[in-house]
Every structure is written in structure tokens, then in C-alpha cells.
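Engineer: model the structure of this input:
(chains A and B)
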Amino acid sequence: MAGAAERTPTRTEAPLSETDRRLLDAYQRAFPLTPRPFAVIAEELGLTEAQVIERFRRLQARGYVSRIGPVFSPGRVGVSTLAALAVPADRLEAVAALVSSYPEVNHNYQRDHAFNLWFVVTAPEAARLDAVLREIEARVGLPVLDLPMERDYHIDLGFALWC
Amino acid sequence: MVLKAGGEARDRALIRAIQNGLPLTRRPYARIGLELGMSEAEVIERIRRLQAAGAIKRFGVVVNHRALGFRANGMVVWDIPDDRVDAAARRLADMDCVTLCYRRPRRPPRWNYNLFTMVHGRDERTVRERIERMAREADLEDVPREVLFSRRCFKQRGARYA
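Structural biologist: Numbering: from 1, shown residues only, chains lettered A, B, ... in the order given. Sure thing, here's the model as predicted:
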């Protein structure tokens, strides 16, 4: 989806039902690690297993759910860094597309600052990470700000839907 | 346990299989196992162990903030004296609507900030107010900071670790 705007719901879509909110809220952590996780959730919410699966499918299709799966601790699985570029405004789209084209780049955002392009690079090993950064630098002709994480202070309990 | 390239091959294969999410089927762990030549029980046990070891921070539903209406996302960067940064970061990390709190190196003269917090909200004003409150509550009003709001998302998906 390099360069593509991300899927956002339109105003005409129905607001979330109470059941959907619970599916989004209650299973961000402690998702059941049992052979039939959706049956466990169904039991807790008074639904059938098929209904839970169908609702998650719909929530994913509508873009509310990115995935059901692991969130890895940075620096524990593979290596990653936050990188930034100060890109002249008239080159931003082209440079952003080039950066996004790397499978190792998983986040790539424009932010309002002199450093206006911020991206996360993740690779199985440090040599590949460095190679990607050097290659981007060479191809765009701009110095990359490389800001690897030194310490993580946040305990990830998921996203509070009332924020 | 740190899972670098030389780490356990079966864990790496499992990470590769689940990093983009479970299949939405009745027995997702069995389905993953089928692809990998592992039993359902082994898949579950390995995920459990990766979580217990801290390699997996959490396992569950990953929501898309933007799609849910939390359109404003401010990356706050702080230049906190080295002897204060750990204590301040621990306070900021637990505050409402903070989803990330990382210490990163300064790169003077181009970049002088050493702490990054991500703050979400429905609009920029809410996020700015929240950040001012955070600064007050963490005694960081004297510390240089900037807020970098996201403008366009060019790419966002789960990382590929293996």
C-alpha cells in the first residue's frame, strides 16, 4: 500500500455497536491463547463463535482492526530504528514513495516540522537495517537522521477507545 | 531471550507467520501450525513463551486509531537533562492516551531531543491540551519540547521482523 491513503470510514457508515466496541476494547490484550479463541469470546459476550468471527472480519474490512496478533517489543525481535528526513516540499511525494517502497519500512508519515518525513525501518538484522538507511540516503541525496530506541518506558495495554 | 537472526529457527518461522495477524477462522492456531508443520499446541505454547519472555508486548486486537476517529496524533519530543530523563519518562509513559514513550539519542546540532512520546486524540486542540497537562504533571514545563503532528500517512502496517 505504498503511497496509498489509508482506509478510513466515511460518515455514512453506521457508528459502532456496543458489541463491536467490546470486541475492539476487551481483546487488545489477553486474547485467548486456546484452540478456539473466538468461541471463548463468544461465550463471554453471549454470541456464537460464527458471529464473533464474522464481526471481526467486518471490523477488519472496515479498517477498524489492523490485525489480531502480536505487538513485539522493539529491539527484542529483529532490529529497528526511527528515521527522519528534511525533504524540500516539492520533492516530498516522490521521496515518500521511494521510502515506502522498501518492505523494511512499516510506518512512513509526513509531520509538520523541518524534519518532515518520519519512518520506521525494521529488519531481521542490523546489517540489513544499515544497508537500507544508507541506500535511502544515497538515492534521495539527503542525510538520514537515525534515532534508534535506547529505552522503552511504556507498558502496552492497548489503545483506550475513549482517548 | 533476544531473538536476533541467530535465534531459534522455529520461533522465527512462527513470528513470520503471525506478524501480520491470525487468520479469522475457528482454529487460527491450528491453521498457522499447518503452514509451519507444528501442532496447534506448539503454536500456542511458543506464543505464550514469547510473551512471557517479553519479546511479545501484548497479543490481541490491534486497532487503527485513525479509522476509529482519533485523527490527531502528536509526536512530542522533549530535551530532558540526562539525570532527569528516566524519572520523567516513567511518569509520562503511564499518562492517558500516551501510546509510546521512548528514549532516543540526541544528534547535535541537527537534533537535540532525547525523549519521544506519542499522544492521540480526536483533534489537535485536545492533543495540545493533553500535552500541556502532561508537562505540568511531570514537572517538565521548563524543558524544551516540540509537537510534531502527523499530516499524511504514506504507509502503515505491522513490521516484518523475520
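Engineer: all contacts plus neighbour counts: C-alpha atoms, from now on.
Structural biologist: Noted.
Engineer: can you give me the strands in chain B?
Structural biologist: For chain B, the strands defined by DSSP state E occupy B:56-63, B:72-78, B:98-103, B:115-121, B:145-156.
Engineer: C-terminal to the longest helix along chain A, what's the next element?
Structural biologist: Selection of the longest helix in chain A by residue count, based on DSSP state H, yields helix A:126-140. Scanning forward in sequence from helix A:126-140 by DSSP states H and E, the next helix or strand is strand A:145-147.
Engineer: state the distance from the most centrally placed residue in chain B to residue B:36.
Structural biologist: For chain B, the residue sitting closest to the mean C-alpha position, by Cα atoms, centre = their mean, is residue B:100 at 5.4 Å. Applying Cα to Cα, to the nearest Å, one obtains 33 Å for the distance of residue B:100 from residue B:36.
Engineer: same question for residue A:34.
Structural biologist: In terms of Cα to Cα, residue A:34 sits 18 Å off from residue B:36.
Engineer: now do the longest helix of chain A: distance to the chain's middle.
Structural biologist: Counting by Cα atoms, centre = their mean, to the nearest Å, helix A:126-140 is centred 21 Å from the centre of its parent chain.
Engineer: circling back to that earlier point, was I right about the residue nearest to the centre of chain B contacting residue B:94?
Structural biologist: No - the criterion here is Cα atoms under 8 Å, and residue B:100 misses it with residue B:94 at 9.5 Å.
Engineer: now do the shared contacts for the two.
Structural biologist: Each of residue A:154 lies in contact with both residue B:100 and residue B:94 under the rule Cα atoms under 8 Å, 6 or more residues apart in numbering or on different chains.
Engineer: can you list the domains in chain A?
Structural biologist: For chain A, the structural domains run A:18-61, A:79-147, going by automatic domain parsing.
Engineer: the last one spans what distance, first to last residue?
Structural biologist: If I follow you right, that is domain A:79-147. Domain A:79-147 has an end-to-end distance of 12 Å (Cα to Cα).
Engineer: can I get the strands of chain B in TSV with mean pLDDT and distance to residue A:106?
Structural biologist: As requested, these are exported to TSV (pLDDT from 0 to 100; distance: least, Cα to Cα, whole Å):
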stretch	mean pLDDT	distance to residue A:106
strand B:56-63	94	15
strand B:72-78	95	17
strand B:98-103	94	16
strand B:115-121	95	17
strand B:145-156	93	6
